[in-house]
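Asker: pasted the sequence and its predicted model underneath.
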Amino acid sequence: MITICGAGAFGTALAVSLAKNGPVILWARDADHAAEMRATRQNARRLAGVDLPENITLISGPLTAGDGACLLAIPMQKLDGFLAGFGASLDNRPLVACCKGVDLATGLGPTGLIDAACPTATAAILTGPSFARDIALGLPTALTLACADEGTGKALQSALTTPNLRLYRTIDTTGAELGGALKNVIAIACGAVIGAGLGESARAALMTRGFAEMNRLARALGAQPDTLAGLAGFGDLALTCTSDQSRNYRFGLSIGQGTDFDPSVTVEGAATARAVLARATAMKIDMPITHAVTALVNGELRVDQAMDMLLSRPLKEE
């Protein structure tokens, strides 16, 4: 049986989709939240208006050790703490990270955190262009499943594919992780330029140069170029930089417009920008957009100043 840890919008959407294949366990951190979902058969807090199939079992509290796949739909900056608390119950089974980003404290991606906390588990990551509501409503969605162990990857691909959710498999966990993490940084930049009224052409330029920046770091860290050109990189970048459903894009909009952003909404790209800039600086890799986004997030630059900084860089070949 598949277990999903995390009853946010994405974890709930995956549970709804995977319930088409068979029983699913959905774990919520908050016992009251789990009880509420059991009573109403909806997740009104995170994914309102979507009914939860009866074969989804809602639980909270301690996790029971098992051998089925466990999907970790936990926000990136909370994943390390979650694994510290529950890792012993999750070892010896496939663990699929369903978050995108780089841990600010350790500089690791999701599979790196899993490997450190659960050394006998098999780490994988599910990533790509998707919004929770689309998945929950049964709309067609394609994702990348990355697992260094090819046999486990094939088994997970089969188990996690549903009528509306198509998975493409790779062994390149580094590329899949970085594609999902770095596109959030570029999405903040794109939201900021649109929010500031700088136009669609500026957004297109940021997406294009941002994609080059993503590839620059990913290749230096051993990722395969094809991974960044696929769903985990280019596909996710295109979706996240152009849709109001993207939290990172909306966060950038608020920066560009000079308005407040709801602090309860998770914005993975803000912490990721800081973590990635530190890594890139140590490796002497030029990442000007990430640098600008970090300065925006830290309140060190205005959008017009960030754009001036980018536009005044030395001319070069593409």
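Answerer: Received it, and whenever you're ready, just let me know what you need.

Asker: buried ones in the helix or strand that contains Thr208, by neighbour count?
Answerer: Taking DSSP states H and E as the criterion, Thr208 maps to helix 200-220. By neighbour count on 16 or more other C-beta atoms under 10 Å, the buried set for helix 200-220 is 202-203, 205-207, 209-211, 213-215, 217-219. Backbone N, C-alpha and C define where each C-beta goes, glycine included.

Asker: what strand or helix carries Gln305?
Answerer: helix 303-311.

Asker: which among the buried residues of helix 200-220 gets closest to Pro94?
Answerer: For the buried residues of helix 200-220, the residue nearest Pro94 by C-beta to C-beta is Ala218; the value is 24.2 Å.

Asker: number of nearby residues for the closest residue to that closest one other than its chain neighbours?
Answerer: Computed as C-beta to C-beta, 6 or more residues apart in numbering, the closest residue to Ala218 that is not its neighbour in sequence is Leu178, at 4.4 Å. Using other C-beta atoms under 10 Å, Leu178 has 29 other residues around it.

Asker: for the helix or strand hosting Leu178, list the C-alpha coordinates in PDB.
Answerer: Per DSSP H and E: Leu178 is located in helix 173-195. Extracted in PDB, the C-alpha atoms of helix 173-195 (Å, rounded to 0.1, in the frame of the first residue of the first chain):
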ATOM      1  CA  THR A 173      18.400  12.400  -9.400                       C
ATOM      2  CA  THR A 174      20.800  15.300  -9.500                       C
ATOM      3  CA  GLY A 175      19.400  16.800 -12.600                       C
ATOM      4  CA  ALA A 176      15.800  16.200 -11.600                       C
ATOM      5  CA  GLU A 177      16.300  17.800  -8.200                       C
ATOM      6  CA  LEU A 178      18.100  20.800  -9.500                       C
ATOM      7  CA  GLY A 179      15.600  21.400 -12.300                       C
ATOM      8  CA  GLY A 180      12.800  21.500  -9.800                       C
ATOM      9  CA  ALA A 181      14.700  23.700  -7.300                       C
ATOM     10  CA  LEU A 182      16.200  26.200  -9.700                       C
ATOM     11  CA  LYS A 183      13.100  26.900 -11.700                       C
ATOM     12  CA  ASN A 184      11.400  28.300  -8.600                       C
ATOM     13  CA  VAL A 185      14.200  31.000  -8.400                       C
ATOM     14  CA  ILE A 186      13.600  32.000 -12.000                       C
ATOM     15  CA  ALA A 187       9.900  32.000 -11.400                       C
ATOM     16  CA  ILE A 188      10.300  34.600  -8.600                       C
ATOM     17  CA  ALA A 189      12.300  36.800 -11.000                       C
ATOM     18  CA  CYS A 190       9.700  36.400 -13.700                       C
ATOM     19  CA  GLY A 191       6.900  37.400 -11.300                       C
ATOM     20  CA  ALA A 192       8.800  40.400 -10.200                       C
ATOM     21  CA  VAL A 193       9.300  41.800 -13.700                       C
ATOM     22  CA  ILE A 194       5.600  41.300 -14.600                       C
ATOM     23  CA  GLY A 195       4.600  42.800 -11.200                       C
END
